[in-house]
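# any chance you can model this:
(chains A, B, C and D)
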There are 2 protein chains.
Amino acid sequence: MLVSKAMNPETRRAKVERKEQSILSAARGVFVEHGFDGARMSEIARRASIGEGTIYGYYESKAELMLAVLQQFWDGLTLEAEAVMASSRVTGGGFFDRLCALAEYHLNTVIVNGDFINLTFALRRNNSEVSVSRDHLRKYVAVFDRLFLRGQDRGEIRQDAVLWQARDVFYGTLEYSARSIEMTMDAERTTREQKPVVDQMIALFRAHYGAEPGAIATDDVVLDRLSMKIDELSEKLDRLDQRLSR
Amino acid sequence: MLVSKAMNPETRRAKVERKEQSILSAARGVFVEHGFDGARMSEIARRASIGEGTIYGYYESKAELMLAVLQQFWDGLTLEAEAVMASSRVTGGGFFDRLCALAEYHLNTVIVNGDFINLTFALRRNNSEVSVSRDHLRKYVAVFDRLFLRGQDRGEIRQDAVLWQARDVFYGTLEYSARSIEMTMDAERTTREQKPVVDQMIALFRAHYGAEPGAIATDDVVLDRLSMKIDELSEKLDRLDQRLSR
DNA sequence: AGGCTAATTGAATAGCATTCGGTATTTTCG
DNA sequence: CGAAAATACCGAATGCTATTCAATTAGCCT
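Numbering: from 1, shown residues only, chains lettered A, B, ... in the order given. Alright, predicted model coming up:
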């Protein structure tokens, strides 16, 4: 049939993609539930309603299936992070409002999907070739980079601030905090919630990277005043000089 | 024999411990070389020169063996970190010298033993009971805590600085930086070495937690210089004034 | 020495990812 | 449309490993 000829290439791809998605989502569920080693290919197959061997027509191995799941995961995070920053709550807000929103989103994500994130880095244990997801990670952290650069352009951030350091501090601190929180590592303070972590972080950024820290602004005022006085003195000197030479 | 009676309890324990150590070091080598999944119990047994089944008389399972290796690893780190801070190079030095030494040591360690550290957190995927090493982690990070508190006592650090935040920033940033470095994630700057990471970090700590932030000190110097110049000018003016009025 | 206990061993077991030969389903072309 | 060719699908068979266990050995005490 002509119809089939015209439609089939479409339907075929669509069908394949649908099946791929069903495998992927089944796999994601099983991996989240049992972890990598605990996940059984048989269970994934069962949940996706396909034969066990069929999976291998779509993914080379368990590790590569996991990798596909992780890539989808990180891509989703990237989209959500962008969405959070563009959300109405912070639209029109300055750099620090957006940063705060991003920090809250990231911290919460890391806490909720901690296992997933660990797996991202744990996967590159033996299968050294199967660790492609660098690009996806890069795309995710690029969300922060764009925000930071824009903040610099708009003059909200010091021009001499170092992007890579700020990025490391931001993601590093949040990730470590998340681990501390979920470990309830704190013998010192039993209630260590997410909010103070983000607040402290924003405060640090404001103080260290902000374009106009209070102390320095004050000093600037003092400097201006002194400069003006110098100018006054210079003028007076000139006038005296002229008077003397006359 | 009385001798055997007196010695055997000692020798027996010693023997057991020696065998335990030999298993542990064999395991460590194999795990480092091949990762957790890649490691074969048979190879560990061979390297320890014992039968395959014997291992299970000492450790319940492969995961628990790994755990023992990890605990030994973290304990070693703790000792080394203390040693670095007490080393002659920084003896008598202030808080920031010690902090710098600790940061350099930690960053280097994390880069060199990155796989090991990942494994620490990746192990608690399925075997949720087998994740005891919290105490060992706690002991390790406590090295920083002691340094920080001492710095506060000596007045080198602001009294209102928050310990847990500083800790998160310190370890979090270093760990994340290490990952970035070993991933050579940087399309922006190909040569991102360890030194600048540590330097930036120390600078941040000095500025944000130090009792006398550097930026303001610099501005103070500028202010002083300007004030002096104004004084000079004033004196000159006065002299001229006197000459004129004479 | 010699009996008793605990330690050691490596062959047997069991669990799982991956493969493969056969079957069903789709596509192609006369 | 129909049959041949190609492709997708299946799940039992394979192969590889952690783990167990019955037999053997070494250590200990009187």
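# tell me which parts of chain A are close to DNA strand D?
Residues of chain A lying near DNA strand D by C-beta under 7 Å from any atom of the strand: A:16, A:19, A:50-54, A:57. Backbone N, C-alpha and C define where each C-beta goes, glycine included.
# so for A:T54, what's the pLDDT?
A:T54 is assigned a pLDDT of 97 by the prediction.
# how many residues are close by it?
12 (other C-beta atoms under 10 Å in any protein chain shown).
# for chain B, see how far away the closest residue to it other than its chain neighbours is.
Distance criterion C-beta to C-beta, 6 or more residues apart in numbering or on different chains; nearest residue to A:T54, sequence neighbours excluded, is A:A45 at 7.0 Å. To chain B, A:A45 is 19 Å away according to C-beta to the nearest C-beta, to the nearest Å.
# one more: A:G29?
From A:G29 to chain B the distance is 15 Å (C-beta to the nearest C-beta).
# I'd say that residue and A:R47 touch.
Yes - taking C-beta atoms under 8 Å as the contact criterion, A:G29 and A:R47 are neighbours in contact, 6.5 Å apart.
# just checking: which of the residues of chain A next to DNA strand D also lie near DNA strand C?
Among the residues of chain A next to DNA strand D, DNA strand C is touched by A:52-53 when using C-beta under 7 Å from any atom of the strand.
# is the single nearest residue of chain A relative to DNA strand D part of a helix or strand, or is it coil?
Minimum separation of chain A from DNA strand D (C-beta to the nearest atom of the strand) falls at A:G53, amounting to 1.6 Å. Put simply, A:G53 is coil when judged by DSSP: H, G, I helix; E, B strand; the rest coil.
# tell me the phi and psi of it?
phi -70, psi -20 (degrees, to the nearest 10).
# count of neighbours near it?
9.
# look up how far A:M41 lies from it.
Distance of A:G53 to A:M41, computed by C-beta to C-beta, to the nearest Å: 10 Å.
# for the most centrally placed residue in chain A, report the pLDDT, please.
The residue lying closest to the centre of chain A (C-alpha atoms, centre = their mean) is A:V141, at 4.5 Å. If you check A:V141, the pLDDT there is 96.
# can you pull the buried residues of the helix or strand where the residue nearest to A:T54 lies?
Assigned by DSSP states H and E, A:A45 belongs to helix A:41-47. By neighbour count on 16 or more other C-beta atoms under 10 Å in any protein chain shown, the buried set for helix A:41-47 is A:41, A:43-45.
# ok, so of those residues, who is nearest chain B?
Taking C-beta to the nearest C-beta as the measure, chain B lies nearest A:E43 of those, at 13.4 Å.
# without its sequence neighbours, what residue ends up closest to the closest one?
Of all residues not flanking A:E43 in the chain, A:V30 sits nearest, at 5.3 Å (C-beta to C-beta, 6+ apart).
# contacting residues around the one you found?
Neighbour list for A:V30: A:39-40, A:43-44, A:47 [criterion: C-beta atoms under 8 Å, 6 or more residues apart in numbering or on different chains].
# try 7 Å
By C-beta atoms under 7 Å, 6 or more residues apart in numbering or on different chains, A:V30 lies in contact with A:39, A:43-44, A:47.
# swap in A:F116?
By C-beta under 7 Å, 6+ apart, the contact set of A:F116 is A:32, A:73.
# go ahead and list the helix or strand containing it.
helix A:114-122.
# that helix versus helix B:114-122: what angle between them?
160 degrees (axes from the mean of the first three to the mean of the last three C-alpha atoms, to 10 degrees).
# got the CA positions of helix A:114-122 in PDB?
C-alpha atoms of helix A:114-122 as PDB (Å, rounded to 0.1, in the frame of the first residue of the first chain):
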ATOM      1  CA  GLY A 114      21.200  11.000  45.600                       C
ATOM      2  CA  ASP A 115      21.600   7.400  44.700                       C
ATOM      3  CA  PHE A 116      21.200   8.300  41.000                       C
ATOM      4  CA  ILE A 117      23.900  10.900  41.200                       C
ATOM      5  CA  ASN A 118      26.300   8.500  43.000                       C
ATOM      6  CA  LEU A 119      25.700   6.000  40.300                       C
ATOM      7  CA  THR A 120      26.700   8.500  37.700                       C
ATOM      8  CA  PHE A 121      30.100   8.600  39.100                       C
ATOM      9  CA  ALA A 122      30.300   5.000  40.300                       C
END
